[in-house]
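In: next come a sequence and a model predicted from it.
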Amino acid sequence: MTSRSTPESAAAPRPAGHRPLRRMTARGRDEAHRVASPLELFFDLCFVVAIAQAGAQLVHAVAEGHAGEGILDYAMIFFAIWWAWMNFSWFASAYDNDDVLYRVVTLVQIAGVLVLAAGVSQAFESHDFLIVWLGYAIMRFAMIAQWLRVARSTDGTERTMALRYAGGVLLCQVGWLGLLIAPEPGRPWVFLVVAIAELCVPVFAEKDFTSSWHPRHISERYGLFTIIVLGETIAAATVAVKSAVDEHDALGELLPIAGGGLLIVFSAWWIYFVVPIHGHLRSSGQAFLWGYGHYLIFASAAAIGAGLEVAVEQTVGTAHISELSASAAVTLPTALYFLAVWALHSRYFKVGIAQQVVLPATALLVILCTFLGDWAVLASGIVSALAVAVGVVMTTRMVARESVRRAAEGA
């Protein structure tokens with residue numbers, strides 16, 4: 001998953017023809033018109049099912065006053081979903097040959113995430129991770145099979161890389177058994193240790209050879225998944241508002257939450273896609289930081305939707321938490337999202353201190369909105385929208401000044 005340059009000779013173009021089985025050799029990093037495939041889009045859509053389940057359980061935990069425990073469970077479940085998605089995405093960017101076996105193994109991975117989704121409620125409610133572990137195991141053993149196909153189709157350091165991936169994933173999967181056999185108080189520590197080991201597998205596997213992933217394809221894949229997660233956030237919040245209106249006739253009280261939530265999500269979309277990040281993905285350090293950092297972007301984006309549901313439930317009196325806690329359920333993940341996007345995306349394209357501080361200052365103001373009571377969500381949405389407006393104005397003025405300078409130099 002690193003971003004060191006792969007020699008041109010090491011990356012072959014996509015195999016031609018329609019044979020049901022083909023060698024799994026690397027695709028070209030400079031391949032023209034590389035876009036996400038229909039299978040990848042289907043893959044993303046099915047993964048969001050698991051994210052929706054995790055978000056629903058987070059809503060229940062926070063609304064019942066168990067925020068700390070719910071956030072910990074959410075972080076653990078979301079890591080499994082995100083890491084399996086990310087591993088597939090980077091692998092597919094480098095080795096997708098779209099033959100029959102590749103498609104079948106990918107569909108097996110999709111089945112795995114649906115199994116994982118079925119076990120989310122048990123993991124939250126009774127800390128029984130058996131079904132979650134089983135679903136994750138299905139996805140990871142499918143990934144091992146893909147890497148073994150690469151090892152069979154290649155040689156030299158590329159084959160070594162593939163075998164390291166397969167071995168590393170297998171060892172980590174054995175480590176995840178600790179979630180089933182360790183005493184409950186020790187499971188967070190098991191998660192921490194094995195999660196760190198998972199993060200180290202790509203670093204170890206690619207230390208001598210870099211997989212030939214495609215920068216534009218990868219940035220598009222992450223962008224599409226961000227859109228799907230934000231869409232799930234809107235869907236979850238809409239269902240919550242509809243249910244509250246139908247059951248409690250509280251439209252007037254819910255309008256500020258609905259309006260503020262829409263402004264937050266619209267701003268989140270705008271801020272993420274305002275810069276073309278693929279040009280930044282050049283070095284291995286940039287790739288690891290960018291790819292791993294999206295755990296915070298995806299998790300916080302999904303948590304915004306959960307927070308909006310909590311705010312709705314608190315407004316109609318079905319959540320057993322304070323107004324301040326309900327507001328924080330929206331403002332804190334929103335602030336985290338803005339900070340994460342700034343750190344991974346925006347700061348590389350900002351010129352001057354004024355542009356650099358817009359998103360961090362926005363995150364701080366959103367946090368302060370927590371204390372505005374009934375108007376916290378609406379105020380957060382307004383602050384988010386103003387951040388977008390300020391960014392557009394600053395960029396427009398900068399472009400205008402640059403145009404004037406160039407005209408003066410050419411005169």
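Out: It's in.

In: any idea how far the residue nearest the centre of the chain is from residue 85?
Out: Nearest residue to the geometric centre of the chain (C-alpha atoms, centre = their mean): residue 298, 3.0 Å. Per C-beta to C-beta, to the nearest Å, residue 298 is found 8 Å from residue 85. Where C-beta positions appear, they are placed from N, C-alpha and C, glycine not excepted.

In: between these two, which contacts overlap?
Out: residue 225 (C-beta atoms under 8 Å, 6 or more residues apart in numbering).

In: buried residues in whichever strand or helix holds residue 172?
Out: Here residue 172 sits within helix 156-175, counting by DSSP states H and E. Residues 158, 160-166, 168-169, 172-173, 175 are the ones in helix 156-175 that count as buried (16 or more other C-beta atoms under 10 Å).

In: also stretch 70-83?
Out: Those would be 70-71, 73-83, for stretch 70-83 by 16+ other C-beta under 10 Å.

In: which one of these is nearest residue 376?
Out: residue 71 (19.0 Å; C-beta to C-beta).

In: next one: that closest one from residue 306, what distance?
Out: Taken as C-beta to C-beta, the span from residue 71 to residue 306 is 10 Å.

In: give the intersection of the neighbour lists for the two.
Out: Residues touching both residue 71 and residue 306 (C-beta under 8 Å, 6+ apart) are 58, 62.

In: which stretches of the stretch 151-300 of the chain have low pLDDT?
Out: Filtered on pLDDT under 70, the stretch 151-300 of the chain yields the residue ranges 248, 250, 278-285.

In: tell me where it has helices.
Out: Ranges of helices within the stretch 151-300 of the chain are 156-175, 178-181, 187-205, 215-248, 251-273, 284-315, based on DSSP state H, counting those that start in this stretch.

In: and the shortest one, which residues are buried?
Out: Neighbour counts over helix 178-181 (16+ other C-beta under 10 Å) mark 178, 179 as buried.

In: ok, now the last one?
Out: For helix 284-315, the buried set under the neighbour-count rule, 16+ other C-beta under 10 Å, comprises 284, 286-288, 290-292, 294-315.

In: if you count contacts, what does that helix end up packed against?
Out: Applying 3 or more C-beta pairs under 8 Å, 6 or more residues apart in numbering; DSSP states H and E, one finds that helix 284-315 contacts helix 38-63, helix 67-95, helix 187-205, helix 215-248, helix 251-273, helix 323-344, helix 376-410.

In: can you list contacts of the third one?
Out: Put plainly, it is helix 187-205. 1-2, 72, 76, 79, 83, 90, 127, 129, 161-162, 164-165, 168-169, 171-172, 175-176, 178-179, 182, 288, 292.

In: hmm, 7 Å instead?
Out: For helix 187-205, the external contacting residues (C-beta atoms under 7 Å, 6 or more residues apart in numbering) are 1-2, 72, 76, 79, 83, 161, 164-165, 168-169, 172, 175-176, 178-179, 182, 292.

In: go through it and flag the buried ones.
Out: 187, 190, 191, 194, 195, 198, 201, 202, 205.

In: residues in contact with stretch 336-344?
Out: By C-beta under 7 Å, 6+ apart, stretch 336-344 touches 268, 271-272, 290, 293, 296-297, 300-301, 304, 359-360, 362-363.

In: average pLDDT for that stretch?
Out: What stretch 336-344 shows for mean pLDDT is 92.

In: what does stretch 120-140 give?
Out: Mean predicted confidence for stretch 120-140 is 93.
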